[in-house]
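In: sequence plus predicted model, see below.
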Amino acid sequence: MTAALPFDVVEMVIAILAQNDPNFSSTKSCSLASHDFLLVCRKHIFASIFLNWHANLPPTPIHCRKATTAMLQESILTSRGVVDCIQNLDYYVAAGDWEKPDNVIQTFKQITRNMAYGSLL
């Protein structure tokens with residue numbers, strides 16, 4: 001017979017893992033263990049989003065350097081609950097974002113509706 005850990009302990013372990021996992025590679029692997037793990041890991045992976053970052057800007061976490069508006073839109077469309085995880089969004093306009101401005105506007109409306117506060121730079 002195996003004993004299961006209380007879920008709050010599992011959440012705490014995942015939070016510690018995510019803090020020490022700059023690329024979220026271990027956190028992403030952990031998210032594959034179960035649906036419950038996925039929901040907890042997603043909170044950490046999508047907590048801060050840095051869109052359209054480039055070399056002239058201050059350094060950012062490694063996992064966020066290549067994120068684009070199109071990637072965020074795809075994540076929101078294909079993964080339920082991602083929007084609820086976003087706590088901070090740093091956004092720099094990219095020329096390609098305005099090829100379909102209605103998509104960008106709708107994406108940001110979804111995000112800001114679910115954020116208590118955030119930063120759009």
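Out: Right, received. Where do you want to start?
In: how would you label Leu5: helix, strand or coil?
Out: Taken by DSSP: H, G, I helix; E, B strand; the rest coil, the conformation at Leu5 corresponds to coil.
In: show the pLDDT at it.
Out: Here the pLDDT value assigned to Leu5 is 81.
In: next: Ile111.
Out: At Ile111, pLDDT is 77.
In: alpha carbons only: can I get the helix or strand where it lies in PDB?
Out: Using DSSP states H and E, Ile111 maps to helix 101-114. What follows is helix 101-114, C-alpha atoms only, in PDB (Å, rounded to 0.1, in the frame of the first residue of the first chain):
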ATOM      1  CA  PRO A 101      -4.900  43.900 -35.100                       C
ATOM      2  CA  ASP A 102      -8.300  42.500 -34.100                       C
ATOM      3  CA  ASN A 103      -6.600  39.200 -33.000                       C
ATOM      4  CA  VAL A 104      -4.100  41.200 -30.800                       C
ATOM      5  CA  ILE A 105      -6.900  43.300 -29.300                       C
ATOM      6  CA  GLN A 106      -9.000  40.300 -28.500                       C
ATOM      7  CA  THR A 107      -6.100  38.500 -26.900                       C
ATOM      8  CA  PHE A 108      -5.300  41.400 -24.700                       C
ATOM      9  CA  LYS A 109      -8.900  41.800 -23.700                       C
ATOM     10  CA  GLN A 110      -9.000  38.200 -22.600                       C
ATOM     11  CA  ILE A 111      -5.900  38.600 -20.500                       C
ATOM     12  CA  THR A 112      -6.700  42.000 -18.900                       C
ATOM     13  CA  ARG A 113     -10.200  40.800 -18.000                       C
ATOM     14  CA  ASN A 114      -8.500  38.100 -15.900                       C
END
